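1. what follows is a predicted structure for the sequence shown.
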Amino acid sequence: MLVAPKKDTGSRSGADSHHSLKRAGSLSRHVRERPITMLRTAMEEVRVFTLTCAVQNYAWGKAGLDSEVAKLVLGGDPLAVIEEDKPYAELWMGAHPKADAKIKDNLTGETTLGQWIAQFPGCLGSKVKDTFQGQLPFLFKVLSVNTALSIQAHPNRELAARLHAQFPEHYPDDNHKPEMAIALTHFQGLCGFRPVEEILGFLKSVPEFRALVGNEAAEELRCVTGDAVHTRQALKKCFTQMMNCEKKVIVDQLDMLMKRVTGDAAAGKDTSECNGALLLRLHSQYPGDIGCFSIYFLNYVALEPSQAMFLGASEPHAYLYGDCIECMACSDNTVRAGLTPKYIDVNTLCDMLNYTPAPASTKLFPPVKDCSDPFVSIYDPPVPDFTVMRIQVPASVKQYTVAALDSAGILLVVEGDAIATSAAALSDITLRRGTVLFISANEAVSLHVTAQLGMTMFRACCLL
């Protein structure tokens with residue numbers, strides 16, 4: 001929301017200023033002397049605060065300062081130590097038990113966001129609190145992908161509950177995990193089954209692929225004539241047949257294919273009929289893996305910065321390379337079947353997938369402009385758990401208000417600097433690249449923008 005410039009951009013009203021100074025001084029100096037009830041009241045008053053968020057150092061992540069995750073961590077904390085050869089794969093911003101964010105401005109030491117929400121669930125907003133049983137319903141992330149993630153999908157609520165009950169060591173949550181990726185840099189992935197015509201083209205031009213699918217299943221797919229149900233059944237049969245091939249057969253066929261594509265590439269021949277460039281890249285990362293053949297079933301999707309794709313339950317996908325914002329329902333459930341050293345559950349994956357073929361263009365998820373704020377673009381997926389806003393404040397605007405919502409939110413600064421003020425903050429907050437801010441429901445934050453080139457921020461919330 002744009003607001004008119006003020007003469008005194010850094011000040012509040014006299015009453016607000018007095019209240020802020022009183023709170024900032026007395027809370028920091030006398031917290032140990034206060035009774036528990038007074039401390040609880042003081043903590044409840046502070047409803048806007050910065051977070052220290054966990055980094056996941058998965059092997060597929062970009063290393064050192066090549067990683068957008070590492071750059072954001074260092075921007076948010078200039079004293080952070082970034083190791084040149086260490087992968088910085090994911091930044092988790094939320095209250096998931098695996099990596100619960102810590103409150104920087106808290107009054108009682110190592111309080112986590114999850115603990116704070118449990119104490120003060122009203123911060124979520126009344127609708128969110130009631131709908132999601134007092135839990136923050138989303139998990140916000142930044143991903144920096146150097147090598148391909150697994151061929152995977154996420155279960156719906158019913159399947160998630162069943163898998164968690166049966167195999168909690170592999171499926172740690174009973175919640176579904178729809179998710180959305182918004183590109184920060186050029187971002188590549190696989191998403192959803194290709195149109196049947198494209199798959200049939202690969203079955204014709206890549207005999208090694210056809211050998212794994214089998215002639216019977218391939219012919220069944222070829223003979224499908226526009227019937228959606230039969231198309232899905234035939235596609236499921238083809239994919240399941242390939243995924244269940246014996247390891248030796250897979251390796252032998254992949255070796256033959258690699259020898260042929262490598263030779264053609266060396267001779268300067270066109271290898272696009274075999275998707276040669278992508279095949280060579282994936283095989284160099286995961287030699288002998290069945291996931292290398294998934295490129296003939298799944299759409300290749302390339303996103304430019306600010307473009308997004310939404311991945312609903314049971315949608316097959318794999319991230320290949322790049323940096324992105326990701327938001328999802330608060331869950332860490334993933335069913336995998338290739339391009340990974342982690343636990344593989346081929347039968348569950350093949351049984352659960354959405355086998356509806358569609359072109360790559362249908363996987364893009366465009367934002368819509370916020371009619372009340374020209375600087376906000378809204379990515380609002382068809383699930384209730386989360387929405388993401390991209391806020392781009394131009395260089396010409398020096399006063400901006402992050403509007404109050406009837407939902408708790410997490411704000412990530414990607415570019416720019418500002419001084420943030422709020423009646424619900426302990427004191428003024430310096431925002432810079434990498435700052436992560438928790439904003440309770442129905443709280444606004446005023447920004448005095450100090451950056452010369454404006455600001456770019458992403459805000460995760462739940463708009464019921």
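-> Cool, got the structure.
2. and the helices in this protein, which stretches?
-> Here the chain has its helices, by DSSP state H, at 14-30, 36-45, 68-76, 113-119, 126-131, 157-166, 196-205, 207-213, 215-222, 228-243, 247-266, 276-285, 346-352.
3. can you redo the ones you listed as CSV with mean neighbour count, distance to Tyr300 and mean pLDDT?
-> Every C-beta, even on glycine, is put in place using the N, C-alpha and C of the backbone. Shown next, in CSV, are the helices of the chain (neighbours: other C-beta atoms under 10 Å; distance: least, C-beta to C-beta, whole Å; pLDDT from 0 to 100):
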stretch, mean neighbour count, distance to Tyr300, mean pLDDT
helix 14-30, 13, 52, 39
helix 36-45, 14, 49, 58
helix 68-76, 22, 22, 97
helix 113-119, 18, 37, 95
helix 126-131, 17, 36, 96
helix 157-166, 15, 27, 79
helix 196-205, 16, 10, 97
helix 207-213, 20, 15, 97
helix 215-222, 16, 20, 96
helix 228-243, 18, 17, 96
helix 247-266, 15, 16, 96
helix 276-285, 17, 7, 96
helix 346-352, 18, 20, 89
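4. closest to Ile325 out of those helices?
-> Nearest of those to Ile325, taken as C-beta to C-beta: helix 68-76 at 9.5 Å.
5. touching that closest one from outside, list them.
-> Here helix 68-76 makes contact (C-beta atoms under 8 Å, 6 or more residues apart in numbering) with 55, 61-62, 64-65, 80, 82, 88-91, 142-144, 184-185, 323, 412, 414, 432-436.
6. go on, stretch 210-217?
-> The contact list for stretch 210-217, computed with C-beta under 8 Å, 6+ apart, reads 203-204, 218, 234, 237-238, 241-242, 245, 249-250, 253, 293.
7. ok, stretch 248-268 next?
-> 206, 208-209, 211-212, 270-271, 274, 276, 279-280, 283, 288-290, 292-293.
8. circling back to that earlier point, ok, so of the contacts of stretch 210-217, who is nearest Ala302?
-> Phe293 (20.4 Å).
9. hang on, that closest one packs against Gln241?
-> No. Using C-beta atoms under 8 Å, Phe293 makes no contact with Gln241, being 11.4 Å away.
10. apart from its neighbours in sequence, what residue is nearest the residue nearest the centre of the chain?
-> The C-alpha lying nearest the average C-alpha coordinate of the chain belongs to Glu326 (C-alpha atoms, centre = their mean; 1.7 Å). Of all residues not flanking Glu326 in the chain, Lys141 sits nearest, at 4.3 Å (C-beta to C-beta, 6 or more residues apart in numbering).
11. how close does that neighbour get to Val213?
-> 35 Å (C-beta to C-beta, to the nearest Å).
12. equivalent analysis for Lys259, please.
-> 20 Å.
13. max-length strand in the protein?
-> In the chain, taking DSSP state E as the definition, the longest strand is strand 317-329.
14. which elements pack onto it?
-> With contacts defined as 3 or more C-beta pairs under 8 Å, 6 or more residues apart in numbering; DSSP states H and E, strand 317-329 has these neighbours: strand 138-145, strand 152-153, strand 179-183, strand 187-193, helix 276-285, strand 298-303.
15. how about a cut-off of 6 Å?
-> Secondary-structure packing of strand 317-329 (3 or more C-beta pairs under 6 Å, 6 or more residues apart in numbering; DSSP states H and E): strand 138-145, strand 179-183, strand 187-193.
16. now do it and strand 187-193, the angle between them.
-> On the basis of axes from the mean of the first three to the mean of the last three C-alpha atoms, to 10 degrees, strand 317-329 is oriented at 90 degrees to strand 187-193.
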